[in-house]
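**Student:** predicted coordinates and the sequence they were generated for:
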Amino acid sequence: MDITPIALTCTESASKLGVLLAELSSNPKEESWLTVELISQHLANLLRVRNGPEDNQTILGGTSLPQDLTSLLFKALDGSPIPDDSRAPAVFGILRVSANLCVEHEQNRGQLLEAGFPQAVVSLLEGYVENLPLEPQADPLPLSIPHLQVIKTAIGVLLNASLGYEPVKFRLTSLEVAMTLVRLSSAVYPAGAWMRSTATLFPAGLSELDGLPERVSESWAIRTGLSSWTWRLITELRDDANPLFDTNALPYLIQPLIAFTPPLLTVPPPPNFAQPSHLRTSLLYADFDLLSESCSHLESLALDVEDIRLSLARGFTFPAEHQNVPCLSAMLDFIEQGNYAPLWYVRHETSLDDSDVRSQEKAFDDCKAAVIKAVVEVSGEEKNVDVLCDDSEAMHPGGKFVSRMVNWIRTFVTAGSHGNIRDDMAICATLALGNLTKREFHATLLLSPPHKIAQLLSSEALLSPSTDIKLKHGVIGLLKHLSQSSVQSSFNCSALGDAGVIERIVASGVWDDRSAMMADIVQVNAIGVVKHLCNISIDNSFTFVLPRDGENPPPTGLSQLLALVNRSDTVAIKSEGTRVIVNVIKSLWSNDSTSEQRSAEENQLRQQKRERAIQILATAPYAQALVALIGRSPKYPILINEAVVALSLLSTSRDGGSLVLGTIIKPLPVEVSPPVPGSAAMSTAASVSSETGSPIITSPPAPRSRPPQKRALDHLVRVLRNNGSDGTSSPRRTDLPSYPVELRANICALLGQLGKRAPGENLDVVREAARPTLEDVARTYTNPGRDNMLGVAAKKVLDLWTLG
């Protein structure tokens, strides 16, 4: 056909394509496709020119060109999923015209979408995917240069059509193009494939020219560009609310991690890449870009998609879950062994400069952190606990995952302070094991041989004042989960106590005043560990309360905790910290069930320790902390009951009655009682008392008809009254719970105990405040049954006061 494309304008070229389409429909000739190739390439080049005298994009978008391009693409394929070799150049030209027609042009994007062109391009890409193996391949898919150009430009069309244009993005997402893109891109450019061989870049039987270095370089350049465009398009389509990938994507997302893990990471480059070059540097960048994208998607998928978490855990035991790609194991290998690419550090004018290397190193560390988060999320899935933690393998108690996590911790501890150049493995392991330690069985398994994890966690390498906050968070969080079973299991309690866990937490500085900026969650978790270990454990309570022997001993755990409770503005720290004091008091006042196993001398020494500890606790600061818990917790009957029981026990010590009595009738020492629920705004502001140096929670004024209650005694009377059970009614009281009979009976017991041990003016104050309510309760609760217990308790207090 006699045609000189270079002489045609944009409009003339577009019209010529329409004529060619008509000719191909009526009288198809193979040589016509050569003309289509020439015209389309010429038109694509013209459309690359922006800001010319004429707006060619808009002009051509309003013609039949979008529909003609779609029809030409279908004609070129002629029912085949992909073009044959002779028509691939023409398809390449058609795709180029489409890509340049819609770039930065929303109207033309809509025209192409209406013509069905993006949908046709997706079908074309799916055609290339049809013949791919189901599992990822290590070697690149052999493809000629023209077919590589077709695939890359097809992706470019979708990228240009979707940038910032929701209709196309929606259609592509509905066609599930992301999975097609990942499979195809992974086949065309497997991360690190160039480090193995270049023998399979081209299909067998093609031109001998394909073996030339120039052709090989061109093939790699197209492949890396194709990979880059793929992930740019996926990023454009990404929607956190609707993940693009399902579990089928996992084997492909894992491949870049494998490329940055030995042995592939450390093999010497093949001869054609032995020397530095611009191409080799571009391949290094391409591999790292793939790693960054994969790690980002693994993190977000593990966070957002339950099926991903479940599939990764199943695949750890059954590799067939992911076409025999051990995805979770590969993630763990990457965390443990993955490293910077050695070729980053080769000095040459074509290689990475120092600033590039530093940037890559930082980004690589971020990749590893993302994979760690993904692993932690997988371990945190409730349904994965029994998958990742089981006792089916005698060689690996708890399973291979648990054993590997424990070994990571052991390796960190064994290396010591001089060997710990990185702690991310220990952070990952402690967080993952903390997630898996859901029941007593799991805690016992970790605390028993061969793991003996308590000894590892109580090492100075893991817990010291200089330990990074992230590592402290992981270690103390795991200790909290382990300690939760200590009440049910004396073995677990002893294992943690004998390993020196309490001493190590106290020495770690987690509660001292230098930790003012420390994350509250770490301090609360540390409180939780001690709270559980001191519950029904006299020995652990001794450890926590009593100072060490010797001159100038460091502050005790109890004194550190009280100081934290007093200065903190966090309710969880104040309340949970005070619950530690409750548990310590209950333990010290309990019977020692092991006394018969000791000699008389040992029991005497033990009793002396108990008396010293009680003497420390039977002081104003700890009594004030208990009454503050009452004032702070009107909506939490359990907390009020714990404080009441502890105060009752405290009152039985020498001078304890006077101490408790004087404390409950004074204004709360740490924080003013919160306003009556339902009154003015419940918000509080913290200020610091110049006398005590402790935070004081101030509240807005309550209504004049009912002034705010500022004494623990007022709170106790209100609980005893139980929200207006005395016949009064107030809409404000509906915000408060109905208090259990047992709690109210315990308050009666406390008042009775104070009546026996602390007579005087202070007791008169208590009588005046509580007598009307006690009389009402004694009169109301007389029917047989559970509630009668409260009436009897109230009457007993009144009788005791009458006798007094």
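**Tutor:** Looks like it came in fine. Numbers count the residues shown, from 1 in each chain.
**Student:** let me see the mean pLDDT of the strand or helix carrying Leu125.
**Tutor:** Under the criterion of DSSP states H and E, Leu125 resides in helix 117-130. What helix 117-130 shows for mean pLDDT is 97.
**Student:** next SSE after it?
**Tutor:** Counting by DSSP H and E, what follows helix 117-130 is helix 145-162.
**Student:** distance between that next one and the chain's centre?
**Tutor:** A distance of 37 Å separates the centroid of the chain from that of helix 145-162, by CA atoms, centre = their mean, to the nearest Å.
**Student:** and stretch 770-780, by the same measure?
**Tutor:** Stretch 770-780 sits 52 Å away from the centroid of its parent chain (CA atoms, centre = their mean).
**Student:** about what we covered before: just the angle for the helix holding Leu125 relative to helix 145-162, thanks.
**Tutor:** Taking axes from the mean of the first three to the mean of the last three CA atoms, to 10 degrees, one finds helix 117-130 and helix 145-162 inclined to each other by 140 degrees.
**Student:** pLDDT weak spots in the stretch 551-700 of the chain?
**Tutor:** 669-700 (pLDDT under 70).
**Student:** strands of that one, start to end?
**Tutor:** Taking DSSP state E, counting those that start in this stretch as the criterion, the stretch 551-700 of the chain contains strands spanning 685-688, 695-698.
**Student:** what's near enough to touch Leu482?
**Tutor:** 437, 443, 446-447, 453-454, 457, 492, 496 (CB atoms under 8 Å, 6 or more residues apart in numbering). Any C-beta I mention is one placed from the backbone N, CA and C, and that applies to glycine too.
**Student:** ok, now Ala623?
**Tutor:** 647, 650, 659-660, 663.
**Student:** also Glu114?
**Tutor:** Pro66.
**Student:** what's the answer for the one 10 residues further on, then?
**Tutor:** Leu124 makes contact with 73, 77, 81-82, 91, 150, 154 under the criterion CB under 8 Å, 6+ apart.
**Student:** closest to Leu639 out of these?
**Tutor:** Sorting these by how near they are to Leu639, with CB to CB, puts Ala154 at the top with 64.5 Å.
**Student:** can you give me the buried ones in stretch 583-602?
**Tutor:** Within stretch 583-602, the residues that count as buried by 16 or more other CB atoms under 10 Å are 583-589.
**Student:** what about these, which are in helices?
**Tutor:** Within the buried residues of stretch 583-602, residues falling in helices by DSSP state H are 583-588.
**Student:** from those, which is closest to Ile258?
**Tutor:** Asn583 (49.5 Å).
**Student:** the closest one contacts Val529, doesn't it?
**Tutor:** No - judged on CB atoms under 8 Å, Asn583 makes no contact with Val529 at a distance of 11.8 Å.
**Student:** if we can go back for a sec, so of the contacts of Leu482, which ones are in helices?
**Tutor:** Using DSSP H, those in helices are 443, 446-447, 453-454, 457, 492, 496.
**Student:** among those, which two are most distant?
**Tutor:** That would be Leu457 and Asn492, which, of the ones in helices among the contacts of Leu482, are the farthest apart (CB to CB) at 13.0 Å.
**Student:** out of the two, which sits in the more crowded spot?
**Tutor:** Counted by other CB atoms under 10 Å, Leu457 and Asn492 do not tie: Leu457 has more neighbours, with 28 against 24.
**Student:** please report how far the more buried one lies from Ala429.
**Tutor:** 11 Å (CB to CB, to the nearest Å).
**Student:** need the overlap of contacts for these two.
**Tutor:** In contact with both Leu457 and Ala429: Ile409, using CB under 8 Å, 6+ apart.
**Student:** follow-up on the earlier one: make a markdown table out of the buried residues of stretch 583-602 and add distance to Gly18.
**Tutor:** Shown next, in a markdown table, are those (distance: CB to CB, whole Å):
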| residue | distance to Gly18 |
| --- | --- |
| Asn583 | 86 |
| Val584 | 89 |
| Ile585 | 92 |
| Lys586 | 90 |
| Ser587 | 91 |
| Leu588 | 95 |
| Trp589 | 96 |
